[in-house]
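A.B. asks: Return a 3D structure for these sequence lines:
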Amino acid sequence: MRVDTHIYQGYTIPAYYDSLMAKLIVATRYGAGGGREHTIRRMARALSEFTVDGVKTTIPFHRDVMAHEAFMSGDVTTDFIEKHLALQPAH
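C.D. replies: All right, here's what the predicted structure looks like:
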């Protein structure tokens, strides 16, 4: 698991900021007791602990994706958001 970012504690995000402030990467070696479900659980936990103050982020959206039954089962296509998440209320 790693986070790629240029942001540091105390950093001030400018008014016209790039929406990609950080990238959370989670991977599991499949031969080491991992697998899709394990990796999704690790990502969900990382997202639950990830905090960015001062601006809105897509963290709640990604939590919803990780928790969605269709995503968990691997039923993911290019219309996943439109099909499964488009009608959900915003956070």
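
A.B. asks: Quick check: which ranges of the chain have low pLDDT?
C.D. replies: Counting by pLDDT under 70, the chain shows low-confidence ranges at 30-33, 87-91.

A.B. asks: can you pull the contacts of the residue at minimal distance from the centre of it?
C.D. replies: Nearest to the mean C-alpha position of the chain, counting by C-alpha atoms, centre = their mean, stands His62 at 3.9 Å. Contacts for His62 (C-beta atoms under 8 Å, 6 or more residues apart in numbering) come out as 43, 47. Placement of C-beta: from N, CA and C, glycine included.

A.B. asks: all numbers from here: first residue = 622
C.D. replies: Right, with 622 as the first residue, what we last looked at is His683.

A.B. asks: Then it would be within a helix, right?
C.D. replies: Yes. Assessed with DSSP: H, G, I helix; E, B strand; the rest coil, His683 lies in a helix.

A.B. asks: Assign Lys644 to helix, strand or coil.
C.D. replies: strand.

A.B. asks: Please tell me how far it sits from His683.
C.D. replies: 11 Å (C-beta to C-beta, to the nearest Å).

A.B. asks: swap in Thr699?
C.D. replies: In terms of C-beta to C-beta, Thr699 sits 17 Å off from His683.

A.B. asks: Kindly provide the distance from the residue nearest to the centre of the chain to Arg650.
C.D. replies: In terms of C-beta to C-beta, His683 sits 22 Å off from Arg650.

A.B. asks: repeat for Gly695
C.D. replies: Gly695 is 19 Å from Arg650, by C-beta to C-beta.

A.B. asks: try Ile628
C.D. replies: Applying C-beta to C-beta to Ile628 and Arg650 gives a distance of 28 Å.
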